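1. need a 3D model of the sequence below.
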Amino acid sequence: MTTQRLHIPSVGAAALERRHTPLRPMVQGIILTAMLGSCGPQVSDPAGRQGLSISIQYDTATSTAARTLGPDTVMVPATYTMTGTGPNDASFTVTTIGDTVYEPSLALGTWTIAVSATNASGTLIGTGAATAQVNNGEMTSVSISVIPISGTGTLSLGIQWPAAQVRVPSITATLTPALGTARVIPFVITGATAAYSDPAIGNGYYVLSFALADDGIVVAGAVDAVRIVANQSTEYTYSIPTVNVTEGSLQTSVNLNLYDPLTVTIAGASTPIVQSGSLSLVASVQDYSGSLTYSWYINGASDGTGETYVFGANKVFGNYRVDVVAFSADGLRAGSATTVIEVAVAGPAMVNLGTARDFAILGGLGVSIGANGNVTGSIGLNADSISLVGFDTVMDSSNTFSTSTLVSGNLYATDYVGSTPAILATAFAEKAAASNDIASRTTADGTDIGAGVLDGQVLPPGLYVWNGALSITNDITLDGGPNDVWIFRMDGGLTVGIGKTVHLTGGANAKNIFWYATGAASFGANAGFEGILFSDSAIITGVGATVNGRLYAQTTVTLGGGSTVVQPSL
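-> Sure thing, here's the model as predicted:
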C-alpha cells in the first residue's frame, strides 16, 4: 500500500490521507483487425490462397490512471485467443502474443471469429467477436473490438479518522455511474471507522463521493473515480489523520512522481521491402535527457540492442512485428514502440493464367508428339482433333475429351461436344490476356542483356526485356526464393541450345517464371527448360528435351521424340 496526502478545502484547516494499492497502467482501448495483406479493399492473393490475417493493437493508459481506484488486476493483454467457426463445422483456434495472425487455407464462406484477451496472470479481461466472408483467392480484412468482460465485481471501502477530533460522526456517500443515477452508499460506522462492501456492482466506471461530518458539520471528504472489473475486487481505505476544525488550518501538498512511461518512437520504418533489402531503424525517446538502454525484438524474439537496429536481408516474405523497449538507466521508467514491416516477394507482380493453368500445352493450330514423348497434364487444341498427331487418342464415352497413354491428363479439341468448346475458348482467351499482361509491363530490371545471348548468367527475380530474339547458348541460373517472380520478354524468337539447361536455385519455382516470345521458340536436343512459355508463333522441342513448365503456342506445339513436359503444381 502507498500513501498520498491530498489537501481538501473545507471549513477551517484540514487534511486528508488517502490509502490505496498502487495502480498499474490501465488499457484505454484494444483494437483487433483481421486482414489478408494490407488493410483496405479485398485483393487477390498472388499465390491463390484465401484466409484471415489478424493484427492486434492496444494503447496503455497515461499517468492519470493512477488517480482511479481499481482492482490490482492488470488490464493489459498478454495473450489473445482467437476462435474461428466456419462452414461445415470448420474451425480454428489461435493463441498469440503478437499483433499479427495469418490463418491460411480456410473454407470458403462466412466465418465467425471470437477473441478473448487474458493478462499475464491468465485472467480473462476482454472479449470481442465479428464475422467475415472468406472468398476464393482473396484476402479478407475484419476488425474486432475487444471490450472488458461484463459482470459484477466487489467494492470494499473503509474510512478512518481520529476519534478525539470527531465527536458525533456521520457519513454521506454516493456512487454514481458515468451514465445513470447516483446510489447512496450506506457506510456502517464503528467507533472512529466506517466500512462498506457490496459484491454485486456492475462493471464500469463510477464517481465515488463521501463527506465526513461531525454533528452535522462537514469536516472532511473526498471524490475519486472508481473502476469495477467483473469478478475482481476494488478495495481502498481512506485514512484521515486530522479533520477541519475551527482552531486553525493545515495544508498538505502532494508532490507526485509516478514514473510515467517513456514515449518511444521508431524512425526509418518503411514497408514493404523486398527479400534482398534491409532497413536501418532508429529508436528515440521524447522529453527525456537521461541515459537509456534499448532492446529490439522480432515477432517476440530478442534480436538486438542499441539505439540503431538493422532489419536484415535474410527474412522470407511475410509480415514482421518489430518492437523496441527502452529503459532508463535507473530502471524506474520504461516504454516501448512497435512497427510492422512487410517483406514482399522479389521481382515483378505475378502473371494470372486464369483457366489456362488447367493445361500443360495449348496449341492454336496443332499439337504433335514423337515416339516415347510424355506430357504430365492436359492438352488443349483450338482446332479439330485431327490436328492431335502421334497421340493415338481414345475418345471418352462422353465425347467431351480423349485420352492417350502419352498424356497423364485429358486431350481437348474444338470438335468435341458438350462444354469442351466453351472451356477451350475461355482458356485461350485467358492465355491471350496473360501474354498481353506480360507485353504491357514497362519497368524492366534488365534490357538487352548479353545483346540477345545468355551465356552462363545468374539472374535474380525481375522483368527482363530484349528488343530482338534471345538465344541461350550456355547454362543459365535463376536464383531466388520460392515466391519470387521472373518475366523474360523478347521481340522475336527464343532458342535454347543443344543440351543447355535453365537451372533454378534458392528455392526458385517454375510456376513463377514466364517467357514470352513474339516469334517461334525452339529447344535443342536434350535441352532443359523451366517456366511457362508463350509464343505468338510455334514451339518446337528437340529429341530428349525436358520442360518443367507449360507450353502455349499461337500456332503449333511439336514435341520431339522422348521429349517430356511436366506442368508445375500451383
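
2. for the stretch 201-350 of the chain, which spans come out with low pLDDT?
-> Across the stretch 201-350 of the chain, the ranges flagged by pLDDT under 70 are 246-250, 256, 271, 274-277, 313-317, 344-346.

3. all strands of it, in order?
-> Applying DSSP state E, counting those that start in this stretch to the stretch 201-350 of the chain gives strands spanning 204-214, 217-228, 233-245, 263-267, 273-274, 279-286, 292-298, 301-305, 308-311, 318-328, 334-344.

4. tell me the strands beside the longest one, with direction?
-> Neighbouring strands of strand 233-245 in its sheet, by DSSP bridges, are strand 13-20 (antiparallel), strand 152-160 (parallel).

5. ok, back up a step: of the strands of the stretch 201-350 of the chain, which is nearest residue 505?
-> Closest approach to residue 505 among the strands of the stretch 201-350 of the chain (Cβ to Cβ): strand 273-274, 17.6 Å. (C-beta placed from N, C-alpha, C; glycine too.)

6. quick one: the residue nearest to residue 363 when sequence neighbours are not counted and residue 267, what's the gap?
-> Sequence neighbours aside, residue 557 is the residue nearest to residue 363 in space, at 4.4 Å (criterion: Cβ to Cβ, 6 or more residues apart in numbering). Taking Cβ to Cβ, to the nearest Å as the measure, residue 557 falls 55 Å from residue 267.

7. who has more neighbours out of the two?
-> Neighbour count, other Cβ atoms under 10 Å: between residue 557 and residue 267, residue 557 has more, with 28 against 12.

8. which strand residues bridge that one?
-> Assigned bridge partners for residue 557, using DSSP bridges, are residue 367, residue 539.

9. wait, it touches residue 367, no?
-> Yes: judged on Cβ atoms under 8 Å, residue 557 makes contact with residue 367 at a distance of 4.8 Å.

10. for residue 145, helix, strand, or coil?
-> strand (DSSP: H, G, I helix; E, B strand; the rest coil).

11. one step back: which stretch in the strands paired with strand 233-245 is the model least sure about?
-> Comparing mean pLDDT across these, the weakest is strand 13-20, with a mean of 30.

12. next, work out how far apart residue 545 and residue 479 are.
-> 23 Å.

13. who touches the helix or strand where residue 110 lies?
-> Assigned by DSSP states H and E, residue 110 belongs to strand 109-118. Contacts with strand 109-118, where a contact means Cβ atoms under 8 Å, 6 or more residues apart in numbering, come from 30, 32, 34, 52, 54, 77-87, 124-134, 142, 144, 146.

14. how about a cut-off of 6 Å?
-> Strand 109-118 is contacted by residues 32, 77, 79-87, 124-134, 144, 146 when judged by Cβ atoms under 6 Å, 6 or more residues apart in numbering.

15. give me the buried subset of these.
-> 32, 77, 80, 82, 84, 86, 125-128, 130, 132, 134, 144, 146 (16 or more other Cβ atoms under 10 Å).

16. which one in the residues you listed is the model shakiest on?
-> Ranked by pLDDT, those bottom out at residue 32 (36).

17. the chain - how does it break down into domains?
-> For the chain, automatic domain parsing gives the domain ranges 2-23+152-245, 27-148, 263-344, 354-566.

18. can you put the ones you listed in JSON lines and add distance to residue 251?
-> Shown next, in JSON lines, are the domains of the chain (distance: least, Cβ to Cβ, whole Å):
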{"stretch": "domain 2-23+152-245", "distance to residue 251": "5"}
{"stretch": "domain 27-148", "distance to residue 251": "20"}
{"stretch": "domain 263-344", "distance to residue 251": "29"}
{"stretch": "domain 354-566", "distance to residue 251": "70"}
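
19. just tell me which of those ends up closest to residue 257.
-> It is, among the domains of the chain and with distance given as Cβ to Cβ, domain 263-344, at 9.1 Å.

20. related to what we said a few turns ago, the strand holding residue 110: partners in the sheet, and parallel or antiparallel?
-> Using DSSP bridges, the strands paired with strand 109-118 are strand 79-85 (antiparallel), strand 124-134 (antiparallel).

21. where's the spatially closest residue to residue 320 that is not a sequence neighbour relative to residue 261, distance?
-> The shortest distance from residue 320 to any non-neighbouring residue, by Cβ to Cβ, 6+ apart, is to residue 341 (5.0 Å). Separation of residue 341 from residue 261 (Cβ to Cβ): 24 Å.

22. same check on residue 223?
-> Residue 223 sits 26 Å away from residue 261, going by Cβ to Cβ.

23. can you check residue 139 too?
-> Distance check for residue 139 against residue 261: by Cβ to Cβ, it reads 34 Å.

24. how about residue 490?
-> 60 Å.

25. over to residue 111?
-> Distance, residue 111 to residue 261, by Cβ to Cβ: 36 Å.

26. and those two? Which one has more around it.
-> residue 111 (25 against 16).

27. residues in a beta bridge with the more buried one, which ones?
-> residue 132.

28. hey, where'd the helices end up in the chain?
-> 420-440 (DSSP state H).

29. residue 530 and residue 502 touch, don't they?
-> Yes: counting by Cβ atoms under 6 Å, residue 502 is a contact partner of residue 530 at 4.5 Å.

30. re the thing from before, avg pLDDT for the strand holding residue 110?
-> The pLDDT scores in strand 109-118 average 92.

31. what about dumping the CA coordinates of that strand to PDB?
-> Presented in PDB, the C-alpha positions along strand 109-118 are these (Å, rounded to 0.1, in the frame of the first residue of the first chain):
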ATOM      1  CA  GLY A 109     -18.000 -18.800 -46.800                       C
ATOM      2  CA  THR A 110     -18.900 -17.000 -43.600                       C
ATOM      3  CA  TRP A 111     -16.700 -17.300 -40.600                       C
ATOM      4  CA  THR A 112     -17.400 -16.100 -37.000                       C
ATOM      5  CA  ILE A 113     -14.300 -15.100 -35.100                       C
ATOM      6  CA  ALA A 114     -14.400 -14.700 -31.300                       C
ATOM      7  CA  VAL A 115     -11.400 -13.100 -29.400                       C
ATOM      8  CA  SER A 116     -10.700 -13.400 -25.700                       C
ATOM      9  CA  ALA A 117      -7.900 -11.400 -24.000                       C
ATOM     10  CA  THR A 118      -6.100 -12.500 -20.900                       C
END
